[in-house]
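Trainee: what's the 3D shape of this:
(chains A and B)
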Amino acid sequence: MLRRSDGTSFAASRARYLEAAPGQLTRRDAKGYVRIAVGSPTFTTTAMLDTGSTYSVLDADVAEEWGAFDEADAPTVELATRHGLLRGCLVRRQVQLLADEGESLEVDTTFWVSRDWQGGHFLGYAGFLQRIRFALDPLTNSLHFGAALD
Amino acid sequence: MAVPVRKVEFDVFSPPRVKSVPLVDRPREAEFSWLREHARDYAGQWVALDGARLLGSAMRLKDLLAQLGAAARQRNPLFHRVDVD
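Mentor: Numbers count the residues shown, from 1 in each chain, chains lettered A, B, ... in the order given. The predicted structure is shown next:
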């Protein structure tokens, strides 16, 4: 548990994160990847923490398995990605940010999904990271996190 | 006169709902070590790992899920799409 100087709890959970995409660790780029549970039935996969992203993003293959492209009335949005400007839609899904210690967080939020996006998952600032409490410890690659009311 | 019931869909623009759940993932250091060693051989593919053991790989997730079957899914493998960048 991470505590403030007055002894009160800041965040009760911790998860190891990776500084680069699994499989690309030699790049040592400034990215943090955590584990999430997605889908129905759920399975465990990796997602990048992205405080610069407006939206959280699901990979097209997961979105398809999860029926995200079947929602005809979903609002469509264009998103600037490293593969160019892509059109996708906004869907509501529940994912779990997985902990190594403490409790995981279940987050019911909005994801941008596109059939053209096959670049993994992102947990964006708006609508996800801004609604939880989190801190990074780069010395131990630890993400401390919790619900805002913890 | 009967008033038709209108189904209200959850608004995608509403704030997220967040709650703690009593769930802890198992350590995944073995899976990540495997990826460090072997991922370059699977660029663009989905892989499923149980510890340091590769359970399967495929270009499409649905093919990998079909390949694994229920028993392997119950082992809660780590799924990862290896980036091509």
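
Trainee: buried residues in the worst-scoring helix or strand of chain B on mean pLDDT, which are they?
Mentor: Taking mean pLDDT, DSSP states H and E as the measure, the helix or strand of chain B with the lowest value is helix B:29-38, at a mean of 85. For helix B:29-38, the neighbour count (16 or more other Cβ atoms under 10 Å in any protein chain shown) marks B:E31, B:F32, B:W34, B:L35, B:R36, B:H38 as buried. (C-beta placed from N, C-alpha, C; glycine too.)

Trainee: what about chain A: which of these touch it?
Mentor: When Cβ under 8 Å from any Cβ of the partner chain is applied, the members of the buried residues of helix B:29-38 adjacent to chain A are B:E31, B:F32, B:L35, B:R36.

Trainee: can you tell me which of those residues is closest to chain A?
Mentor: Lowest distance from chain A to those (Cβ to the nearest Cβ) belongs to B:L35, with 3.9 Å.

Trainee: partners of the most centrally placed residue in chain A in the sheet?
Mentor: In chain A, the residue lying closest to the centroid (Cα atoms, centre = their mean) is A:L123, at 2.7 Å. Beta-bridge pairing for A:L123 (DSSP bridges): A:L49.

Trainee: mind checking pLDDT for it?
Mentor: For A:L123, the model assigns a pLDDT of 96.

Trainee: same check, this time on A:L149
Mentor: In this prediction, A:L149 carries a pLDDT score of 63.

Trainee: same question for A:G23.
Mentor: 57.

Trainee: and A:E71, by the same measure?
Mentor: 86.

Trainee: hang on, isn't it packed against A:V91?
Mentor: Yes - when contacts are counted by Cβ atoms under 8 Å, A:E71 is listed as touching A:V91 (5.6 Å).
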